[in-house]
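K.L.:
kindly return the folded structure for what I paste below:
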Amino acid sequence: MDRLVDEVEEIRGNVVNKKSKEVYAYGIVKFIVWLHANQPEAVTPLFWDLLNGVGGEDESLVLKEKYLCVKRFLL
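P.N.:
This next block holds a predicted model:
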């Protein structure tokens, strides 16, 4: 029984909480959008098409929409 308890504690210790996952995902999303803008050859055609489909006059809104597009795709 002690072995089982130890194993459960080890598994619980390996779980990443939801907030941490959101922080990691946000960093990945920002990086993909940055790659699209600065190193477009490094972005897969799928992300290229996804991000090129977002447009508008307000740059901050366009950036937020790009973040949302990538986030929806990844999650």
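
K.L.:
determine the longest helix present in the protein.
P.N.:
Ordering each helix of the chain by length in residues (DSSP state H) puts helix 18-38 first.

K.L.:
after it comes which helix or strand?
P.N.:
On the C-terminal side of helix 18-38, the closest following helix or strand by DSSP states H and E is helix 45-52.

K.L.:
relative to helix 18-38, how tilted is the helix or strand just after that next one?
P.N.:
Using DSSP H and E, the next helix or strand after helix 45-52 towards the C-terminus is helix 59-74. Taking axes from the mean of the first three to the mean of the last three Cα atoms, to 10 degrees, one finds that helix 59-74 is oriented at 120 degrees with respect to helix 18-38.

K.L.:
renumber starting at 573 from here on
P.N.:
Okay, using 573 as the starting number, the last item reads as helix 631-646.

K.L.:
and helix 631-646, what's its mean pLDDT?
P.N.:
Here helix 631-646 scores 92 as its mean pLDDT.

K.L.:
which helices and strands does that helix pack with?
P.N.:
In terms of contacts (3 or more Cβ pairs under 8 Å, 6 or more residues apart in numbering; DSSP states H and E), helix 631-646 is packed against helix 590-610, helix 617-624. To be clear about C-beta, it is placed using only N, CA and C from the backbone, and glycine gets the same treatment.
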